[in-house]
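In: Sequence plus the predicted model coming up.
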Amino acid sequence: MQLSIIVPTYNEAPNVAELVRRVTDETRGLDAEIIFVDDSTDATPDVVREVAASAALPVRLIHRDVRTGGLGGAVLEGFAVAEADACLVMDGDLQHPPEEIRDIYARFARGDVDVVVASRYTGGGTSDGLAGRTRVFVSKVSTALTRAMFPVRLKDVSDPMTGFFLIDRRVVDAAALKPRGFKILLEILARKNLRIAEVPFDFAGRHAGESKASMRQGMHFLTQLTALRFGKMSLFAVIGGLGALANIAIVWGLTHLGVNYLVAAIIASEVTIIANFLLQEHFVFQDMKGEASGVWARFAKSFTFNNAELLIRIPIVALMVSGGHISVVIATGITLIVAFVVRFVFHSLVVYAPRKRAAQVSKARHIVEELDAQAISPGEL
């Protein structure tokens, strides 16, 4: 088969028949298939089955009861079952016009690229289908921000936010991807250097139904972008920073309620230690939990270490201030930086260590390599 067209859908029942009709017209002469990877709660899967029964090209349906990885996860599931290595991804709302498929495939068929990106921002491409000036502004700002964050890998990509692209699935390292967002092309391009070409297209208005864009999706994109750019250690630092702010807020609130400041400090420390652990479980080390010890064992290690670190760090600050004549702010800052690195090392190599580790030629080398891998690996968002 020459081309597998993967269409992730969520409640797009009114668009299915028209999409299949137009894709069929556009792919005449190509050995192609359509794969709907569906997360819908409406009648979309029933409509897909009905349309497939009379379609002139193969139409397959994967309906997911558990929407693992969101839209990105749906695309990867499509890659896994596709008959062709050339996989074209497009939305199910017809804002990605099927009439562009032949030009995209023709560019890919030259054989000199791994990915062909359909861009709204190159050549004669347009983004007219975006609803209103606000959506256009947000799209352009998001695109500029993304390109600025990855100036090397995205230097040849004017529209890394598009969901309309064709890729050779053999170049996709699915094991390295953490599809938690809806910008799967960005996830792929940010993880690996690929040969990229672009073709312009006109982003159309929706054929039917309502847009899925929301403030929540915008926040999800920002967290996804942060995780891709800065990696696991940065997410660990962000959570630590939020914990510090929460600590201050709790101390302030309790002391204003008349609680002794030492008691307030202890309560704030314990609350933030627990909260930090829960956030790290979900966002930072989520991919390591399966091979690590049980959750209560992980919590015990983390809780004990953080309290021990706190008891050690405070006297060190006092010694630096009294014996080294260093200001308390500078002393606190130095110890917090050191403590951050030590905490990350401990959690990466001890709290979330696999229950059984194969024998290594050099234990020291293993530790260094493992720490380096964890520091730069992407966070789970």
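Out: Now that the structure is in, tell me what you want to look at. The shown structure was predicted, so the numbers you read here are calculated from the model rather than taken from an experiment. Residues are numbered from 1 along each chain as shown.

In: so who does Leu310 touch?
Out: Applying CB atoms under 8 Å, 6 or more residues apart in numbering, we find Leu310 in contact with Ser269. C-beta here means a position set from N, CA and C on the backbone, and glycine is covered the same way.

In: Buried residues, the strand or helix carrying it. List them.
Out: Leu310 belongs to helix 295-324 when assigned by DSSP states H and E. Using 16 or more other CB atoms under 10 Å as the test for burial, helix 295-324 gives Arg298, Phe299, Lys301, Ser302, Phe305, Asn306, Glu309, Arg313, Val317, Met320, Val321.

In: Could I get the buried residue list for the helix or strand following it?
Out: Per DSSP H and E, the first helix or strand lying C-terminal to helix 295-324 is helix 328-346. Within helix 328-346, the residues scored as buried using 16+ other CB under 10 Å are Ala331, Thr332, Thr335, Ala339, Arg343, Phe344, Phe346.

In: got the contact list for Ser31?
Out: I think there's a mix-up here, since residue 31 is Asp and not Ser. Met1, Gln2, Leu3, Ala84.

In: Sketch out the low-pLDDT regions of the stretch 151-300 of the chain for me.
Out: Within the stretch 151-300 of the chain, the stretches with pLDDT under 70 are 176, 178-182, 204-231.

In: Got the domain ranges for this structure?
Out: Domain ranges of the chain: 3-213, 231-376, per automatic domain parsing.

In: most packed of these?
Out: Most buried of these, by mean neighbour count (mean count of other CB atoms under 10 Å): domain 3-213, with a mean of 18.

In: what's the offset of it from the middle of its chain?
Out: A distance of 17 Å separates the centroid of the chain from that of domain 3-213, by CA atoms, centre = their mean, to the nearest Å.

In: got the angle for the helix holding Leu310 vs helix 328-346?
Out: Relative orientation of helix 295-324 and helix 328-346, computed by axes from the mean of the first three to the mean of the last three CA atoms, to 10 degrees: 150 degrees.

In: With distance to Val171 as added columns, please give the buried residues of helix 295-324 in CSV.
Out: Formatted as CSV, the buried residues of helix 295-324 follow (distance: CB to CB, whole Å):
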residue, distance to Val171
Arg298, 36
Phe299, 40
Lys301, 39
Ser302, 38
Phe305, 41
Asn306, 42
Glu309, 43
Arg313, 47
Val317, 51
Met320, 52
Val321, 55
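
In: and which of those is nearest Val75?
Out: In terms of CB to CB, no member of the buried residues of helix 295-324 lies closer to Val75 than Arg298, at 31.8 Å.

In: how about that closest one, what does it touch?
Out: Arg298 makes contact with Phe277, Glu281, Lys289, Ala292, Val351, Tyr352 under the criterion CB under 8 Å, 6+ apart.

In: and the two most separated of these?
Out: Spatial extent of these (CB to CB) is set by the pair Phe277 and Ala292 at 13.0 Å.

In: Which residue of this structure lies farthest from its centroid?
Out: Going by CA atoms, centre = their mean, the residue of the chain most distant from its centre is Gly323, 47.0 Å out.

In: now the contacts of Asp31 as CSV including secondary structure?
Out: Below are the contacts of Asp31 laid out as CSV (DSSP: H, G, I helix; E, B strand; the rest coil):
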residue, secondary structure
Met1, coil
Gln2, coil
Leu3, strand
Ala84, coil
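
In: Break down the stretch 1-150 of the chain into its strands, ranges please.
Out: Here the stretch 1-150 of the chain has its strands, by DSSP state E, counting those that start in this stretch, at 3-9, 32-38, 59-63, 86-89, 115-119.

In: quick one: contacts for the residue lying closest to Arg313 once chain neighbours are set aside?
Out: In this structure, Arg313 finds its nearest non-sequential neighbour in Thr335, 5.0 Å apart by CB to CB, 6 or more residues apart in numbering. Neighbour list for Thr335: Arg313, Ile316, Val317, Met320 [criterion: CB under 8 Å, 6+ apart].

In: Closest to Arg49 out of these?
Out: Among the contacts of Thr335, and counting by CB to CB, the member closest to Arg49 is Arg313, at 61.9 Å.

In: Help me confirm that the closest one comes into contact with Ala339.
Out: Yes - using CB atoms under 8 Å, Arg313 is in contact with Ala339, at 5.6 Å.

In: which pair in the buried residues of helix 295-324 spans the largest distance?
Out: Arg298 and Val321 (34.5 Å).

In: Start from the N-terminal end of the stretch 151-300 of the chain and give the helices.
Out: Assigned by DSSP state H, counting those that start in this stretch, the helices in the stretch 151-300 of the chain fall at 184-191, 215-256, 261-279, 295-324.

In: The stretch 1-150 of the chain too?
Out: With DSSP H, counting those that start in this stretch as the criterion, the stretch 1-150 of the chain has helices spanning 16-26, 44-54, 70-81, 101-108, 132-149.

In: Which neighbouring elements make contact with the second one?
Out: So the one you mean is helix 44-54. Helices and strands touching helix 44-54, by 3 or more CB pairs under 8 Å, 6 or more residues apart in numbering; DSSP states H and E, are helix 16-26, strand 32-38, strand 59-63.

In: how about those, which one is nearest Ala175?
Out: Ala175 lies closest to strand 32-38 among the helices and strands packed on helix 44-54, at 19.0 Å (CB to CB).
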